[in-house]
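# structure of the sequence below:
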Amino acid sequence: MPVPTTFDQSATGYSLPLALNLARAAELAYQDEATIEARARDWGFDTVRHHRTAFTPPFPLEDTQAYTMGGDRMIVTAFRGTEPARIRDWLTDGTTPPWPGPARTGFVHYGFAEALESVFPDVARTIDDLRTDGQSVWFTGHSLGGALAMLSAARLGLEDPRLRADGVHTFGQPRTCDRLLAAAYDKALKGRTHRFVHDNDIVPELPPEPAFTHVATLHHIDSAGRVRENPGLAAGLAGRAKGLGAAAFSPDGEGIRDHLMRNYLAALEKALA
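Take a look at the predicted model:
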């Protein structure tokens, strides 16, 4: 299967070329605004809006950042992630209070909900403004950005179904919500969400179960570049949560190397080669 060199705005459903393009959009969220706007234009998106809110201590993040790019056929909102070490304590803190989920369904991680709340009204208004001709709507993000992408789709899907996302692709996403919300989300967005985990990435194993869980559907990319669908325990996903101290987040460890967005992109390109 050829590696895409352009961003196909007519893409629908699930395909690896589309997943790679949305991974590229997730990576772009880490760049400055001028770079984002230039790349979006190169991809054929003529409108870009930026979403950013700063926080004050003791919140473990400095800000929430995202952008939305709109074209004739497609609208994509991509959320920026953060360095794993920056949110390590937050993700492993068992005392973090829950936050009511979208449409008062279940609960979500307080930190994720707080981060999303700071930009979501602007994101929703932007999508509503840009969707002038039935364009498809997509969310994407890496790490923390994946959690915010999933929660954005949950809020629209459960609270404003007319703006329900056509697809959600996340990369290295941590656990985000409880089982009640996960079940409601999977029902509302069945077949529309695709969660990618690269080999031994540690972040998708946090925060710990059973308080938090993942939504469907899992695509595990192994070290050889093979993409396995919903591998369950067979791919060794259950063993990566042990030792969640600082050592697990060492930049030299494979759990963090496999979490890096550039390595997700390389793995997807390898899978398409």
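# now stretch 97-112: buried residues?
99, 101-102, 105-109, 111-112 (16 or more other C-beta atoms under 10 Å). All C-beta atoms are positioned from the backbone trio N, CA, C, and that covers glycine.
# and the residues you listed as TSV, adding secondary structure, distance to residue 168 and pLDDT?
As requested, the buried residues of stretch 97-112 are exported to TSV (DSSP: H, G, I helix; E, B strand; the rest coil; distance: C-beta to C-beta, whole Å; pLDDT from 0 to 100):
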residue	secondary structure	distance to residue 168	pLDDT
99	strand	20	90
101	coil	16	94
102	helix	14	92
105	coil	17	95
106	coil	17	96
107	strand	19	95
108	strand	15	94
109	strand	17	89
111	helix	20	84
112	helix	14	89
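# pick out the most distant pair among these.
Across these, the longest distance by C-beta to C-beta is 18.9 Å; it joins 105 and 111.
# if we can go back for a sec, from the buried residues of stretch 97-112, which is closest to residue 55?
Closest approach to residue 55 among these (C-beta to C-beta): residue 111, at 10.3 Å.
# and the closest one, how far is that from residue 152?
Note on residue 111: its distance to residue 152, by C-beta to C-beta, to the nearest Å, is 15 Å.
# now the helices: where do they sit in the stretch 151-273 of the chain?
Counting by DSSP state H, counting those that start in this stretch, the stretch 151-273 of the chain has helices at residues 179-188, 254-257, 261-272.
# confidence-wise, which of the ones you listed is weakest overall?
Among the helices of the stretch 151-273 of the chain, helix 254-257 carries the lowest mean pLDDT, at a mean of 84.
# give me the buried stretch members for that one, please.
255-257.
# likewise for stretch 214-229?
214-222, 227.
# farthest pair in the residues you listed?
Maximum distance among the buried residues of stretch 214-229 (C-beta to C-beta): 21.6 Å, for 215 and 222.
# that older thread, can you add distance to residue 76 and give the buried residues of helix 254-257 back as JSON lines?
Listed next are the buried residues of helix 254-257 as JSON lines, based on distance: C-beta to C-beta, whole Å:
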{"residue": "255", "distance to residue 76": "29"}
{"residue": "256", "distance to residue 76": "27"}
{"residue": "257", "distance to residue 76": "27"}
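# from those residues, which is closest to residue 141?
In terms of C-beta to C-beta, no member of those lies closer to residue 141 than residue 256, at 17.9 Å.
# quick one: that closest one from residue 201, how far?
In terms of C-beta to C-beta, residue 256 sits 8 Å off from residue 201.
# same question, residue 62
23 Å.
# of those two, which one has the most company?
Neighbours were tallied for residue 62 and for residue 201 using other C-beta atoms under 10 Å; the higher tally belongs to residue 201 (27 against 12).
# surely the more buried one and residue 259 touch.
Yes - with contact defined as C-beta atoms under 8 Å, residue 201 reaches residue 259; the gap is 4.4 Å.
# list the contacts of residue 3.
Contact partners of residue 3, counting by C-beta atoms under 8 Å, 6 or more residues apart in numbering, are 17, 20, 269, 272-273.
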